[in-house]
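Undergrad: A structural model of the following input is requested.
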Amino acid sequence: MPHSESAHTFQVDLRGLVDLLSHHLYSSPRVYLRELLQNAVDAITARRAADPSAPASITVRTGDALTITDSGIGLTEADVHRFLATIGRSSKRTTDGGLDGAGLDAARGDFIGQFGIGLLACFVVADEITVVSRHAGDPAAPAVEWRGHSDGRYTLRTLPADAAVEPGTTVRLVPRADNAEWTSPARVVELARHYGSLLPYRVTVTGPGGDTVRIDAPPPWEQEHRSPLARREALAAYCRTVFDFAPLDTIELDLPAAGLRGVAYVLPTALSPAQRAGHRVHLKGMLLSDRATELLPDWAFFVRCVIDTTSLRPTASREALYEDGTLSAVRDALGVRIRDWLTGLAASDPALLHRFIDTHHLAVKALARYDDELLRIVLPWLPFETTDGNVTLEEFARAHATVLVTRSVEEFRQVAPIAAAAGLGVVNGGYTYDRDLVHRLPEIRPGTAVTDLDPATVTAHLDAVEPSAEIRAAAFLGIAREVIAAQDCDVVLRDFQPVTAPALLLDNREARHERTRSTLAADSDGLWADILGSLRNETPRAQLVLNHLNPLVRQAVTIEERGLAVAAAESLYGQALLLSRRPLKASESALLNRAFIGLLTHAMHPGGRGGDSAASGSGFRKDS
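TA: Down below sits the predicted model:
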């Protein structure tokens, strides 16, 4: 049986394709106007490449229908058949004014569009599109009218030779009822300003009553200003218009190799590093995105940019930047520009640097970790939480030859009051980046010693109590050690300042790890328990240091009744826990509740009268 083969052509469901565009490619039906403006700009660019004196205007008229007219190169009948009726083929122009359907090349560098979707996007808001066009390259060429429908039908006719059609193209849309809002006069003006405010050609929107709104305007960085101050004020005013905030400062951006110009605006308020600012990116004057997060390095979250570029590539939807080598190089170059602005502030405007660091110190710390030059310049200016208050490292190092740094916020809060009273210089290294930066201080300030805080260092600065006082407190300390041992913590008695601190909980990372290991081992069985048990180390336990100078502790150590001594010891431990401000475990919360119930029971039933039930419920024993 002979083998047969036949060729077939794909059938395109235009309605399905339009649904795909509107629901999956484009973020909103509003992009239809961007596509119309984009095609008009490209048509004008093509005509002016052959005739620089050619008119360059785009007029949008609103009413029952929406029309957009450009003075561009126009279309011939063959062009219409080839491009408007072929889904997906690029209809962009070469520099001689002809249409190029073969692909993208260097001759098309001045055009905005690159994907040939163009007019198809208008079916998102309309069921019928009419295009009337006359080619500008041939004065004798007749005008043609193409009328397309969303169901895939189209008609084409040649208009009479006497038809009063100027060279260029007019597109007419009759909106569907469910999308009429997108073609209302007010919305069209809004969309035209949104997308076309930086276009290089004159754009006007005319309403049903004949009122006209001029859309295009050169950006402030392209304008001449009478003075540098006037320029800064114009740039700041543009920020208020575009982003609705008054910037802390403006940073002009100019990368000729990438065809990029614009401004970075420093935010006047702090922003979380996880909350990346969206930047406004124009491609050859047409707005590409007002939420582009990939334009700058992650650390530069304290600025918002508005730029116009000729070299960056858009994604297929033309609503975001395509990640490639060019974007990566531009991102790095813009990061260098912002970094240079920051390093220059130290010499040019220290007051502004102070305001900036007060607002965005976290961003500066993030950058300084990886930039040695910036570290040298800004580290002395950065504020840190210390036992001397919130001060700069430069100021702190002048008062303390040895700088101690904690590994966590909780550790700092435990020791800060006592360390300050003892004259120790401690920096809170628990915040993001702080510990790494403090350890690099000797690079900037030779002769300064930086070391991690060891709780034993604090203990060494606490005075031992008189032997007689230790003996008088022995009974209470014995009970306290027995009770608090359940928390993997020892109890000692010392004299230290401030007198107002009744107890200090000295803990370190190794002790915390050991407690976690012990808890997991107790809750496990079999092989896993054996493994955890083999990991046990001889790390010193945490210490509850009772302050013998504190009146509360002086009274507590005289307690003889066991039940009350247990409640007092647990209360002192709980208070020390609360002062450390670290999250409480379930067992620690239970200890606090038990201690308070015990104290209330003793207060309500002194001597234990009627308190047996409460005492039993509180979890401590009452000696007879």
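
Undergrad: Can you read off the pLDDT for the spatially most central residue of the chain?
TA: In the chain, the centroid-proximal residue (Cα atoms, centre = their mean) is residue 276; its distance is 1.9 Å. Note for residue 276: predicted pLDDT of 71.

Undergrad: Name the spans of the stretch 401-550 of the chain whose pLDDT lies under the cut-off.
TA: Along the stretch 401-550 of the chain, segments meeting pLDDT under 70 span 455, 508-540.

Undergrad: which residues are in contact with whichever helix in the chain runs longest?
TA: Secondary structure of the chain per DSSP state H: the longest helix is helix 325-348. Applying Cβ atoms under 8 Å, 6 or more residues apart in numbering, the contact partners of helix 325-348 are 249, 251, 253, 255, 258, 260, 264, 294-297, 299-300, 303, 305, 309, 311-313, 321, 352-353, 356, 364, 367, 371, 373-374, 377-378, 381. C-beta coordinates here come from the backbone N, C-alpha and C atoms, glycine included.

Undergrad: One more pass at 6 Å, please.
TA: 251, 253, 255, 258, 296-297, 300, 311-312, 321, 352-353, 374, 377 (Cβ atoms under 6 Å, 6 or more residues apart in numbering).

Undergrad: which among those end up buried?
TA: 251, 253, 255, 258, 296-297, 300, 311-312, 321, 353, 374, 377 (16 or more other Cβ atoms under 10 Å).

Undergrad: ok, the nearest residue to residue 136 once chain neighbours are set aside - how many residues close by?
TA: Counting by Cβ to Cβ, 6 or more residues apart in numbering, residue 136 lies nearest to residue 167, which is 3.5 Å off, once chain neighbours are set aside. Residue 167: 21 surrounding residues under other Cβ atoms under 10 Å.

Undergrad: give the contact list for residue 167.
TA: Counted by Cβ under 6 Å, 6+ apart, residue 167 has contacts 74, 134, 136.

Undergrad: Neighbour-wise, give me the winner out of those residues.
TA: Neighbour-wise, the contacts of residue 167 (other Cβ under 10 Å) top out at residue 74, 27 neighbours.

Undergrad: Verify the stated contact: that one with residue 136.
TA: Yes - counting by Cβ atoms under 6 Å, residue 74 does reach residue 136; the two are 5.1 Å apart.

Undergrad: Would you mind naming the helix or strand containing the closest residue to residue 380 other than its chain neighbours?
TA: In space, and not counting its chain neighbours, residue 380 is closest to residue 394: 3.8 Å by Cβ to Cβ, 6+ apart. In the assignment (DSSP states H and E), residue 394 maps to helix 393-399.

Undergrad: returning to that earlier point: show me the contacts of helix 325-348 that map onto strands.
TA: 251, 253, 255 (DSSP state E).

Undergrad: pretty sure the residue nearest to the centre of the chain is touching residue 301, no?
TA: Yes - between residue 276 and residue 301 there is a contact under Cβ under 6 Å: 5.5 Å.

Undergrad: Distance of residue 199 relative to residue 290?
TA: 16 Å (Cβ to Cβ, to the nearest Å).

Undergrad: the more surrounded of the two?
TA: residue 199 (26 against 17).

Undergrad: so who does the closest residue to that one other than its chain neighbours touch?
TA: Closest residue in space to residue 199, ignoring its immediate chain neighbours: residue 285 at 4.2 Å, by Cβ to Cβ, 6+ apart. By Cβ under 6 Å, 6+ apart, the contact set of residue 285 is 198-200.

Undergrad: Residue 572 too?
TA: residue 503.

Undergrad: one more time with 8 Å
TA: 480, 502-503, 544, 546, 552-553, 556.

Undergrad: Buried by neighbour count, from these: which ones?
TA: 480, 502-503, 544, 546, 552-553, 556.

Undergrad: re earlier: which parts of the helix holding residue 394 are buried?
TA: Neighbour-count burial for helix 393-399 [16+ other Cβ under 10 Å]: 393, 396-397.

Undergrad: before we move on, what about stretch 46-56?
TA: 46-49, 54-56.

Undergrad: and if you look at stretch 354-366?
TA: For stretch 354-366, by 16+ other Cβ under 10 Å, it's 355-357, 359-366.

Undergrad: residues making contact with it?
TA: 248-249, 266-271, 273, 299-302, 342, 345, 374, 378, 381-383, 432-434, 437.

Undergrad: quick one on the thing from earlier: in strands, which of the buried residues of stretch 354-366 fall?
TA: Using DSSP E, none of the buried residues of stretch 354-366 sit in strands.

Undergrad: helix or strand for residue 494, which one?
TA: strand 489-495.

Undergrad: after that strand comes which helix or strand?
TA: Taking DSSP H and E, what comes next after strand 489-495 is strand 503-506.

Undergrad: Would you mind writing the CA trace of that following strand as PDB?
TA: Extracted C-alpha coordinates of strand 503-506, given in PDB (Å, rounded to 0.1, in the frame of the first residue of the first chain):
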ATOM      1  CA  ALA A 503      19.300  38.800  89.900                       C
ATOM      2  CA  LEU A 504      21.300  38.300  86.800                       C
ATOM      3  CA  LEU A 505      21.000  35.200  84.500                       C
ATOM      4  CA  LEU A 506      24.300  34.500  82.800                       C
END
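
Undergrad: Next, count neighbours for residue 147.
TA: Considering only other Cβ under 10 Å, residue 147 is surrounded by 15 other residues.

Undergrad: meant to ask about residue 322
TA: 12.

Undergrad: mind listing what it touches?
TA: 312-315.

Undergrad: out of these, which one sits closest to residue 406?
TA: residue 312 (45.2 Å; Cβ to Cβ).

Undergrad: Okay, now the sheet partners of the strand holding residue 494, with direction.
TA: strand 463-464 (antiparallel), strand 542-547 (parallel) (DSSP bridges).

Undergrad: Residue ranges in this protein under the pLDDT threshold?
TA: Ranges of the chain meeting pLDDT under 70: 1-27, 83-118, 273-274, 317, 455, 508-540, 607-624.

Undergrad: Can you give the distance from the longest helix of the chain to the centre of its chain?
TA: When distances are taken as Cα atoms, centre = their mean, to the nearest Å, helix 325-348 is centred 18 Å away from the chain's centroid.

Undergrad: can I get the CA coordinates of it in PDB?
TA: Presented in PDB, the C-alpha positions along helix 325-348 are these (Å, rounded to 0.1, in the frame of the first residue of the first chain):
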ATOM      1  CA  GLY A 325      23.900  39.800  30.700                       C
ATOM      2  CA  THR A 326      23.000  43.400  29.700                       C
ATOM      3  CA  LEU A 327      20.600  43.800  32.700                       C
ATOM      4  CA  SER A 328      23.200  42.200  35.000                       C
ATOM      5  CA  ALA A 329      25.900  44.700  33.800                       C
ATOM      6  CA  VAL A 330      23.500  47.700  34.100                       C
ATOM      7  CA  ARG A 331      22.500  46.500  37.600                       C
ATOM      8  CA  ASP A 332      26.100  46.400  38.700                       C
ATOM      9  CA  ALA A 333      26.900  49.800  37.100                       C
ATOM     10  CA  LEU A 334      23.900  51.500  38.800                       C
ATOM     11  CA  GLY A 335      24.900  49.900  42.100                       C
ATOM     12  CA  VAL A 336      28.400  51.500  41.700                       C
ATOM     13  CA  ARG A 337      26.800  54.900  41.000                       C
ATOM     14  CA  ILE A 338      24.700  54.700  44.200                       C
ATOM     15  CA  ARG A 339      27.700  53.500  46.200                       C
ATOM     16  CA  ASP A 340      29.800  56.400  44.900                       C
ATOM     17  CA  TRP A 341      27.000  58.800  46.000                       C
ATOM     18  CA  LEU A 342      27.100  57.300  49.500                       C
ATOM     19  CA  THR A 343      30.800  57.500  49.900                       C
ATOM     20  CA  GLY A 344      30.900  61.000  48.600                       C
ATOM     21  CA  LEU A 345      28.500  62.200  51.300                       C
ATOM     22  CA  ALA A 346      31.100  61.900  54.000                       C
ATOM     23  CA  ALA A 347      33.200  64.600  52.400                       C
ATOM     24  CA  SER A 348      30.500  66.700  50.700                       C
END
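
Undergrad: Good, we can wrap up now.
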